[in-house]
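Peer 1: please find the sequence and the predicted model below.
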Amino acid sequence: MISANPRIAQPAAAAEPARDWRRLWREAVTDPLELLRMLGLEALAERLPADAAGFPLRVPRGFVARMRHGDPADPLLRQVLPLDLETLEVEGFGLDAVGDAAARSGRGVLQKYRGRALLVATGSCAVHCRYCFRRHYPYGEDSAAANAWQAALDTIAADPSVDEVILSGGDPLSLSTAKLRELGERLLALPQVRRLRIHSRLPVVLPERVDAELLDWLAALPLQKVMVIHANHAREFDESVARALTDLRGAGLTVLNQAVLLRGVNDSVAAQVELAEASFAAGSLPYYLHQLDRVAGAAHFEVPDADALAIESALRKRLPGYLVPRLVREVAGAASKLPLALTTEM
């Protein structure tokens, strides 16, 4: 493992009692100037937008501890630091990059692909990724968790083809385990549902969320269970993350990692090889590598399709097949996520 930066306060050692994840959530860095001071990068203050580009900073201190002190190009920092580039209007980049509005089939329910229903469980996240495709989503008016999940569950019950429920957001693990247990009990009453998939960045940015209460609930839930984590760079995987993923697998979950191809973060063959190997070593199988969703404010992260395809080709020569993520693009209205090579011909 790459050592964390000794100049930044580190998370508690494994031998010390684990700190409650809710407290760590509340202690997250929300002031860009504080973040820059922690990293010795005060000179970058002139690059900050006046109002965080309408999308406030949030990053757990444990994730900041994995950043390199004094490095303005640190790939973890680039994912979370607001920049003035986000305020530029770029043609082709909009508020609903992947057609979520058109896919809405009920309160907090998106149905894009056959057999699956995605629940937008919450708008809360432990970290605000600057490239987030839902950074403009109207969470206040559309949460599946409202009214004890009733409206969302009614939508699923009315469609007997749905055998997999996907929890997304925001980050569903920002909900209490009691709230998640309530959902699990309700899902068990729907005979067509066989799988529960949870998309979460918390096991990576706030691994303390994977606590005994969560693991007990997951282990006891009699559904097939998949956790799709989200890490974009090898240095996101430290020992605390590896422990969390080991515990999730021990609770009976299949653990996959999806990443986004981001300029200045992981847009090289070397970075992608390191990411795939670090992900697998920590206990998660590489799953998807997404071409950037063209959401307003994220244009500076975009990697040209030709460069993305060249990276994919090189990965196939460098890695065993099971470590090569599928390079895909989400196209609004398509019946599945599409291999990037196909979308360049459309």
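Peer 2: Received the coordinates, thanks.

Peer 1: alpha carbons only for contacts and neighbour counts from here, please
Peer 2: OK.

Peer 1: quick one: the strands in the chain?
Peer 2: 104-106, 109-110, 116-120, 164-168, 195-199, 224-230, 253-260, 285-290, 326-329, 338-339 (DSSP state E).

Peer 1: would you map the helices across the chain?
Peer 2: Counting by DSSP state H, the chain has helices at residues 21-26, 32-38, 61-64, 75-80, 100-103, 150-157, 177-187, 202-205, 212-220, 239-250, 269-282, 305-318, 340-343.

Peer 1: correct me, but residue 166 touches residue 198?
Peer 2: Yes - using C-alpha atoms under 8 Å as the test, residue 166 is close enough to residue 198 to be in contact (5.7 Å).

Peer 1: touching, residue 269 and residue 316? I think so.
Peer 2: No - look at residue 269 against residue 316 with C-alpha under 8 Å: they stay out of range, at 10.4 Å.

Peer 1: between those two, who's got more neighbours?
Peer 2: For residue 269 versus residue 316, neighbours defined as other C-alpha atoms under 10 Å are more numerous around residue 269 (17 against 14).

Peer 1: would you format the helices of the chain as TSV with distance to residue 136 included?
Peer 2: As requested, the helices of the chain are exported to TSV (distance: least, C-alpha to C-alpha, whole Å):
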stretch	distance to residue 136
helix 21-26	22
helix 32-38	20
helix 61-64	24
helix 75-80	16
helix 100-103	11
helix 150-157	21
helix 177-187	25
helix 202-205	20
helix 212-220	29
helix 239-250	29
helix 269-282	28
helix 305-318	25
helix 340-343	25
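
Peer 1: what's the closest of those helices to residue 297?
Peer 2: Relative to residue 297, the nearest member of those by C-alpha to C-alpha is helix 75-80, separated by 12.5 Å.

Peer 1: for the closest one, give me every contacting residue.
Peer 2: 57-59, 64, 66-67, 72, 127-131, 233, 235-236, 264-266 (C-alpha atoms under 8 Å, 6 or more residues apart in numbering).

Peer 1: pull out the buried members of the residues you listed.
Peer 2: When the contacts of helix 75-80 are checked for burial by 16 or more other C-alpha atoms under 10 Å, the buried set is 57-59, 64, 66-67, 72, 127-131, 233, 235-236, 264-266.

Peer 1: to residue 226, which of the helices of the chain lies closest?
Peer 2: If you check each of the helices of the chain against residue 226 by C-alpha to C-alpha, helix 239-250 wins as the nearest, at 9.4 Å.

Peer 1: for that closest one, which residues meet the burial criterion?
Peer 2: For helix 239-250, by 16+ other C-alpha under 10 Å, it's 240-249.

Peer 1: tell me what angle that helix forms with strand 253-260.
Peer 2: With axes from the mean of the first three to the mean of the last three C-alpha atoms, to 10 degrees applied, the angle from helix 239-250 to strand 253-260 works out at 130 degrees.

Peer 1: can I get the strands of the chain in JSON lines with mean pLDDT, mean neighbour count and distance to residue 218?
Peer 2: As requested, the strands of the chain are exported to JSON lines (pLDDT from 0 to 100; neighbours: other C-alpha atoms under 10 Å; distance: least, C-alpha to C-alpha, whole Å):
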{"stretch": "strand 104-106", "mean pLDDT": "90", "mean neighbour count": "17", "distance to residue 218": "26"}
{"stretch": "strand 109-110", "mean pLDDT": "94", "mean neighbour count": "24", "distance to residue 218": "22"}
{"stretch": "strand 116-120", "mean pLDDT": "96", "mean neighbour count": "24", "distance to residue 218": "18"}
{"stretch": "strand 164-168", "mean pLDDT": "97", "mean neighbour count": "22", "distance to residue 218": "14"}
{"stretch": "strand 195-199", "mean pLDDT": "98", "mean neighbour count": "21", "distance to residue 218": "10"}
{"stretch": "strand 224-230", "mean pLDDT": "98", "mean neighbour count": "22", "distance to residue 218": "8"}
{"stretch": "strand 253-260", "mean pLDDT": "98", "mean neighbour count": "22", "distance to residue 218": "8"}
{"stretch": "strand 285-290", "mean pLDDT": "98", "mean neighbour count": "23", "distance to residue 218": "19"}
{"stretch": "strand 326-329", "mean pLDDT": "98", "mean neighbour count": "21", "distance to residue 218": "27"}
{"stretch": "strand 338-339", "mean pLDDT": "96", "mean neighbour count": "16", "distance to residue 218": "31"}
